[in-house]
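>>> output the structure for:
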Amino acid sequence: MVTALFLYSKFAGWSGTSLFDSFILTGYNTIYTFLPPIFFAFLDADLTPRQALAHPHLYRPGPLGERLNALQLATWALNGAAHCAFALLVPLLASSRRGGAAGGDLGALGTATMCAIAVGTNVRLVLEMRSVTVLSCVAFGVSVGGFFAWAALLEGTWAALGVGDAYYGVASATFHSPAMALSVLASVVCMAAYDAAMIYAHRDLFPDPTYVVQEAVRDLGPPAGGAGSA
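Next up is the predicted model:
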C-alpha cells in the first residue's frame, strides 16, 4: 500500500497529493486485512502433528534462521512492490482512458487501487493455505465484503451526517464504470498469477524439507514412520 502511494507520487508530480481517501485508508488494517492473517496463523497447517513428529528435521530451518532473514525480507518486499504496481498501474491506465486521474477520477482511482490491494492480499493468503476451513472462508468473506460495505457506508450514511462528504458518490462511480471495475478484476488476476508463479517456482527451485514431505504424503501416502503412535 505504501509502495502504491510512492508510485502515484511520480504521476502526481511529487506534489504530495494523496491517492486514497483518509477513511478508505483507515480500513486497510482494521477491516480488509485484519481477520485472514489471524485465521491463517492459527488454523493453517503444513502437516498433521503426527507427520511433523515423525520428521523432526522439519524444525531445523527455524533455529538456523532459514525462514526469517534478509533474503526472505527482500522477497516479501518484492512481492509487495509487485502487488502495488499491478493494483495502481492497471486502474491508472483505465482512469487515463476516462480522461485522467484528476478531480473526481482521483477518488475512483484510489478506491479501485485499494480494492485491488485488499482483494489481492486476501487471495494471496488463499493460495498459501494448505487447509481451507469454514472459519477461514468466513474471514475472507468478511474482509473482502468489508471493503465494499465500508465504501458504501462512507458515501451513504456518513455523507448524510456531514462526515466524509467529499467521498459522496465515489464508490458508486467507481464500480458502475465498466473500465474501472474491469481494471480491479484485471489487477487481482495479475497479482494472483504472479503469486502462483512465485509459489510454484519456490517449491520447484528451492524446496525445503516441508515441501518434500508434503509431496511424499500427497503422491505416495504417509511416509515410512509416519504411522507412529500419537
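>>> every contact and neighbour count from this point should use C-alpha atoms.
OK.
>>> check which element follows the helix or strand of the chain with the lowest mean pLDDT along the chain.
Sorting the helices and strands of the chain by mean pLDDT, DSSP states H and E puts helix 157-160 at the bottom, at a mean of 67. The helix or strand immediately downstream of helix 157-160 is helix 170-175, counting by DSSP states H and E.
>>> what does that following helix contact?
Helix 170-175 is touched from outside by 104, 107-109, 111-112, 151-152, 155, 180-181, with contacts defined as Cα atoms under 8 Å, 6 or more residues apart in numbering.
>>> any idea how far residue 10 lies from residue 84?
Distance check for residue 10 against residue 84: by Cα to Cα, to the nearest Å, it reads 14 Å.
>>> the two - which one has more neighbours?
The neighbour comparison of residue 10 against residue 84 (other Cα atoms under 10 Å) goes to residue 84, with 25 against 11.
>>> can you read off the pLDDT for residue 222?
Here the pLDDT value assigned to residue 222 is 49.
>>> where exactly do the helices run in this protein?
In the chain, helices defined by DSSP state H lie at 2-11, 22-27, 35-43, 49-54, 70-97, 104-128, 134-155, 157-160, 170-175, 178-205, 209-220, listed in chain order.
>>> how far off helix 178-205 does the last one point, in degrees?
What that stands for is helix 209-220. Relative orientation of helix 209-220 versus helix 178-205 (axes from the mean of the first three to the mean of the last three Cα atoms, to 10 degrees): 90 degrees.
>>> ok, the most centrally placed residue in the chain - contacts?
Geometric centre of the chain, nearest residue: residue 121, 0.5 Å, by Cα atoms, centre = their mean. Neighbour list for residue 121: residue 33 [criterion: Cα under 8 Å, 6+ apart].
>>> rank the helices of the chain by pLDDT, which is bottom?
The bottom spot among the helices of the chain, by mean pLDDT, belongs to helix 157-160, with a mean of 67.
>>> roughly how far does residue 19 sit from residue 193?
Residue 19 is 25 Å from residue 193, by Cα to Cα.
>>> now residue 188, nearest residue through space, not along the chain?
Leaving aside its sequence neighbours, residue 188 sits nearest to residue 120 (Cα to Cα, 6 or more residues apart in numbering; 5.2 Å).
>>> excluding chain neighbours, what is closest to residue 39?
Nearest to residue 39 is residue 136, by Cα to Cα, 6+ apart, at 5.9 Å.
>>> looking at the helices of the chain, which is closest to residue 60?
helix 209-220 (9.0 Å; Cα to Cα).
>>> summarise which helices and strands the closest one is packed against.
Using 3 or more Cα pairs under 8 Å, 6 or more residues apart in numbering; DSSP states H and E, no helix or strand is in contact with helix 209-220.
>>> what residues of that helix count as buried?
210-211, 213-214 (16 or more other Cα atoms under 10 Å).
>>> using CSV, list the CA coordinates for that helix.
Included here for helix 209-220 are C-alpha records, laid out as CSV according to Å, rounded to 0.1, in the frame of the first residue of the first chain:
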residue,chain,number,x,y,z
PRO,A,209,12.1,-30.3,3.8
THR,A,210,8.5,-29.5,4.5
TYR,A,211,7.8,-29.4,0.7
VAL,A,212,9.4,-32.8,0.3
VAL,A,213,7.3,-34.4,3.0
GLN,A,214,4.2,-32.8,1.6
GLU,A,215,4.8,-34.2,-1.9
ALA,A,216,5.5,-37.6,-0.4
VAL,A,217,2.3,-37.5,1.6
ARG,A,218,0.3,-36.4,-1.5
ASP,A,219,1.8,-38.8,-4.0
LEU,A,220,2.8,-41.9,-2.0
